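Visitor: Make a model of this:
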Amino acid sequence: MKNKLLLLLTFMILVNLSFAQKNITDMYDSFKVFRNSNLDHVSYEQRCRLLLENASLLSKKQLMNIRYYMGRNFERMKLPDSALKYYLLVEPEEPNYEVMNRAIGFIYIAKATPYVAKINEAVAKKDAVANKNAFEAYKKQIYIALPYLEKYYACTQDEDTMKAIKRLYIQIKDAQGLANFDHRIQKLPKDCVTLLEDN
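Guide: Residues are numbered from 1 along each chain as shown. Next up, the predicted model:
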């Protein structure tokens with residue numbers, strides 16, 4: 001009797017797992033359709049979260065895709081901190097994904113913007129200490145952004161990105177960083193990823 005109960009229990013578990021896997025496959029197939037759609041942001045987020053709740057049933061690449069598109073949706077919603085959280089979950093899995101590196105770089109630049117106002121305010125007040133502190137904080141934030149933009153540029157050779165990078169080195173007064181730009185770009189890996197795979 002115990003053996004029969006055990007067999008029945010095992011069978012039920014396997015059936016449930018099979019249904020769960022089919023359900024998550026259908027959900028992910030639906031995600032592949034709506035991820036590039038103009039679906040409203042709230043519905044988009046809800047669908048992604050539903051998939052993330054079933055992360056154990058997803059492949060590594062599927063999970064990476066959902067996290068990236070979750071980040072992109074937050075970026076479109078003008079919520080850069082939330083976007084960054086999801087992009088940074090993707091980065092260790094696919095550090096050479098071009099558009100993600102560009103997005104992360106420009107989010108960090110945007111996070112540096114408040115320090116520009118503080119620098120201008122300090123200059124207007126002729127407050128050398130406040131000016132120095134604000135400039136150092138600005139520079140620190142820009143140094144976080146630059147490697148992402150340089151990785152993106154190494155892959156795309158996008159002239160606007162190159163100009164933005166060089167302008168940032170000038171703004172933070174890093175003559176050596178500017179002078180070594182071409183050499184650094186040549187040393188960066190060229191195994192660029194233009195599209196995240198699903199499988």
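Visitor: Tell me which helix or strand comes right after the helix or strand of the chain with the lowest mean pLDDT.
Guide: Least confident helix or strand, the chain: helix 2-34 with a mean of 57, by mean pLDDT, DSSP states H and E. Following helix 2-34 in sequence order, the next helix or strand is helix 41-52 (DSSP states H and E).
Visitor: neighbouring contacts of the helix or strand containing Asp81?
Guide: Assignment of secondary structure by DSSP H and E places Asp81 within helix 80-90. For helix 80-90, contacts defined as CB atoms under 8 Å, 6 or more residues apart in numbering pick out 64, 67-68, 70-75, 97, 100, 103-104, 107-108, 110-111. For every residue, glycine as well, the C-beta is placed using N, CA and C.
Visitor: do stretch 120-132 as well
Guide: Around stretch 120-132, the neighbours that count as contacts under CB under 8 Å, 6+ apart are 118-119, 134.
Visitor: where does this protein have low pLDDT?
Guide: Low-confidence segments of the chain, defined by pLDDT under 70, span residues 1-22, 38-39.
Visitor: Just give me the residue right at the centre of it.
Guide: The residue at the geometric middle of the chain, judged as the C-alpha nearest the mean C-alpha position with CA atoms, centre = their mean, is Tyr87 (2.0 Å).
Visitor: out of the contacts of stretch 120-132, which one sits closest to Asp182?
Guide: The shortest gap between Asp182 and any of the contacts of stretch 120-132 belongs to Ile119, at 28.9 Å (CB to CB).
Visitor: helices or strands up against the one helix or strand Arg72 maps to?
Guide: Secondary-structure element containing Arg72, defined by DSSP H and E: helix 60-76. In terms of contact count using 3 or more CB pairs under 8 Å, 6 or more residues apart in numbering; DSSP states H and E, helix 60-76 is assigned the packing partners helix 2-34, helix 41-52, helix 80-90, helix 98-125.
Visitor: Can I get the ones you listed in a markdown table including distance to Gln171?
Guide: As requested, these are exported to a markdown table (distance: least, CB to CB, whole Å):
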| stretch | distance to Gln171 |
| --- | --- |
| helix 2-34 | 40 |
| helix 41-52 | 33 |
| helix 80-90 | 20 |
| helix 98-125 | 9 |
